[in-house]
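*Asks:* Everything below, folded, please.
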Amino acid sequence: MSTRIYVVTDIESNRHRLVRAANQAQAMRHVAQACFDVEVASQDDLVKLLSSGHPIELAGTGATVGMFEEVLNAGGTD
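*Replies:* Next up, the predicted model:
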């Protein structure tokens, strides 16, 4: 399997890392494993984070999705 060297840049800090990997996804996963922990959200996590203003983000789109935004904007409750 051939590899390339990728530059992975932290957008917030502008820190760069060079990673040899088979593809971009593998390079990103390598860097993310050192920076993040991922697990399924519990009901308590959802209640705490949503009530403190954390939005739910839709993976793969780069956009943030507000769970009840459409209902609130329409003025409905159903």
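
*Asks:* Of all residues in this structure, which one is nearest the centre?
*Replies:* Ala59 (6.5 Å; C-alpha atoms, centre = their mean).

*Asks:* Which stretches in this protein count as helices?
*Replies:* Per DSSP state H, the chain carries helices over the ranges 24-35, 43-51, 69-74.

*Asks:* lowest average confidence, helix or strand, in the protein?
*Replies:* Sorting the helices and strands of the chain by mean pLDDT, DSSP states H and E puts strand 64-65 at the bottom, at a mean of 49.

*Asks:* what about Gln13, distance to Ile5?
*Replies:* Small correction: residue 13 is Ser, not Gln. Distance from Ser13 to Ile5, counting by C-beta to C-beta, to the nearest Å: 20 Å. From N, CA and C alone the C-beta is placed, and that goes for glycine too.

*Asks:* Oh, that last question was meant for Arg29, not what I typed.
*Replies:* 16 Å.

*Asks:* quick one: which of the two has more around it?
*Replies:* Arg29 (12 against 9; other C-beta atoms under 10 Å).

*Asks:* Tell me the pLDDT of that one.
*Replies:* Listed pLDDT for Arg29 reads 94.

*Asks:* Ok, Ala59 next?
*Replies:* 85.

*Asks:* Just want to check the distance between it and Gln43.
*Replies:* From Ala59 to Gln43 the distance is 20 Å (C-beta to C-beta).

*Asks:* so who does the closest residue to Met28 other than its chain neighbours touch?
*Replies:* The shortest distance from Met28 to any non-neighbouring residue, by C-beta to C-beta, 6 or more residues apart in numbering, is to Val8 (6.2 Å). Applying C-beta atoms under 8 Å, 6 or more residues apart in numbering to Val8 gives the contacts 16-19, 27-28, 30-31.
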